[in-house]
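[1] Any chance you can model this:
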Amino acid sequence: MIEVPASSKAVDSNVAFVGRQPIYGRSIDVFAYELLFRNNEVNRASFTDGDAATAQVMLNTFVEIGLDHIVDHHLAFINLTRDFVLGNYCVALPKDRVVLEVLENMGVDQELMDALQRLSKLGYRIALDDFVYHESLKPLVEIADIIKVDVLELDRETVAEHVKILRQYPVKLLAEKVETHEEFEFCRDLGFDYFQGYFFCKPNVISAKPMPVNRMAILALLTQLQNPTIEISQLERIIQEDFSLGAQVLRYINSAFFEMPKQIDSIDQAVYMVGTDRLRTWASLLMLARIEDKPVELFVTAIVRARMCEQLALVHHVRDVDQYFTVGLFSILDGLLDQPLEDIIPTLPLGLDIQEGLVHKKGSLGMTLDCVLAYERGDWDSVLCHGVEVETAKAAYLEAISWTSNLVPLLKS
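    Okay, here's the model as predicted:
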């Protein structure tokens, strides 16, 4: 599917990448999203006024896409450059919806301090990104509302020392680049207020820890649902025997989301209307939604990945787009079930292409998933290296976010 070298692609300089990364509160609910922007021409060419061009891209993105579409009702963290701040572009952003991130290395002088003071007095929240404390930055700390500490860059002793020093100021502390559950627990115990990173997208593997019974039951049912040789009668029986699942499937399919031409009253009708492959995909979604001790955002991530994989497959007119949806959805199984993917996937009766795509990122399925993961990380160069058009990737991602925001409430109801 994705196989055209990026070098052969003509890139539209008027198209900007836009992505998001969640920021969690202490209760592991989503507090905000950091927005990731990139305009290809700005990042790849030499601009006389690159900051002004970046500013224009950002503002156009807000107008073109709409902030609510990207972050819903949450706050948006936005990285700024020195010239963006000094150029007074910030006042075009809604102060009740954004947090302005500034880097300590942007040249802290009186001109910058005055500009940040003005923004603070106007009601804008200021965050310091990739922050490393030293006395000369004290005036900057006194302006800030939130300070982000890179826990991947600093050793634990230094992180703890930063917390001790910064707690003397009325600021909130955000631990960024938190990659493991162990790091999350360390930062939470230190008293950080917010957390950013991929710690919930990875398994919390503890040696000799058995999988909880409810997750074992879910995995067992997923195994049956994903059997490629399953017959229609078997699929109907599996869903009907789990009364709760059967009721959920019917309520789900009869929702306004599907816009069915008539009421569906039985599982066999559902199979007839949506097809075997699609129905078992929806049933798998509903099963995964039963995992209660994981943050909703992890499930959101799984569905966004699934839908974006599917959308990229549709653009390239690929057959069996359900396989692409499955690869995206199951890419988060390690985080949901707290087991490595290489241990989980062989237990499921998935086709070899799906297994290779999930575990080794091989084949068209694997390349598509890898592209989606790169977009999720904001690794735009890797997205382009997969040969995906900028506009295609952006449209697929934004459609996936919109689709997911409408779907998740149904699955959790």
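[2] Assess the claim that residue 309 and residue 324 are in contact.
    Yes - using Cβ atoms under 8 Å, residue 309 is in contact with residue 324, at 4.1 Å. C-beta here means a position set from N, CA and C on the backbone, and glycine is covered the same way.
[3] what's the overlap in contacts for the two?
    365, 368 (Cβ atoms under 8 Å, 6 or more residues apart in numbering).
[4] So for the host helix or strand of residue 17, mean pLDDT?
    Using DSSP states H and E, residue 17 maps to strand 16-24. Per-region confidence: strand 16-24 scores 89 on mean pLDDT.
[5] Given it, what are its sheet partners and their directions?
    Neighbouring strands of strand 16-24 in its sheet, by DSSP bridges, are strand 30-39 (antiparallel), strand 194-196 (antiparallel).
[6] Please render these as TSV that adds mean pLDDT and mean neighbour count to the earlier fields.
    Compiled in TSV, the strands paired with strand 16-24 are given as follows (pLDDT from 0 to 100; neighbours: other Cβ atoms under 10 Å):
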stretch	mean pLDDT	mean neighbour count
strand 30-39	87	21
strand 194-196	97	22
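[7] what would the ones you listed look like in TSV with distance to residue 107?
    TSV is the format used below for the strands paired with strand 16-24 (distance: least, Cβ to Cβ, whole Å):
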stretch	distance to residue 107
strand 30-39	21
strand 194-196	25
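[8] and of the ones you listed, who's closest to residue 255?
    Set against residue 255 and scored by Cβ to Cβ, the strands paired with strand 16-24 come closest in strand 30-39, at 23.7 Å.
[9] what comes into contact with the closest one?
    Residues from elsewhere that reach strand 30-39 (Cβ under 8 Å, 6+ apart): 13, 15-25, 53-54, 57-58, 61, 70-71, 74-79, 99, 101, 194, 196, 295-297, 378, 380.
[10] Mind doing that once more with 7 Å?
    16-25, 53-54, 57-58, 61, 70-71, 74-78, 99, 194, 196, 297, 378, 380 (Cβ atoms under 7 Å, 6 or more residues apart in numbering).
[11] re earlier: could you point out which of the strands paired with strand 16-24 sits nearest residue 395?
    Closest among the strands paired with strand 16-24, using Cβ to Cβ: strand 30-39, at 15.3 Å.
[12] SS state for the residue lying closest to residue 88 once chain neighbours are set aside?
    Nearest non-adjacent residue to residue 88, counting by Cβ to Cβ, 6 or more residues apart in numbering: residue 115, 7.9 Å away. Put simply, residue 115 is helix when judged by DSSP: H, G, I helix; E, B strand; the rest coil.
[13] My guess is residue 115 contacts residue 86. True?
    Yes - counting by Cβ atoms under 7 Å, residue 86 is a contact partner of residue 115 at 5.5 Å.
[14] can you map out the helices along the stretch 101-250 of the chain?
    110-121, 138-143, 156-166, 181-190, 213-225, 232-241, 243-253 (DSSP state H, counting those that start in this stretch).
[15] I meant the stretch 301-413 of the chain, not that one.
    All helices of the stretch 301-413 of the chain, identified by DSSP H, counting those that start in this stretch, fall at 321-330, 333-337, 341-344, 352-360, 363-377, 380-385, 390-412.
[16] And the fourth one, what does it pack against?
    In terms of contact count using 3 or more Cβ pairs under 7 Å, 6 or more residues apart in numbering; DSSP states H and E, helix 352-360 is assigned the packing partners helix 321-330, helix 341-344, helix 363-377.
[17] so where is the stretch 51-200 of the chain shaky, pLDDT-wise?
    Scanning the stretch 51-200 of the chain with the threshold set as pLDDT under 70 gives 51-54, 56-57, 104.
[18] again, only using 80
    By pLDDT under 80, the weakly predicted segments of the stretch 51-200 of the chain are 51-61, 63-64, 104-107.
[19] all strands in it, in order from the N-terminus.
    Using DSSP state E, counting those that start in this stretch, the strands found in the stretch 51-200 of the chain span residues 75-79, 98-103, 125-129, 146-150, 172-176, 194-196.
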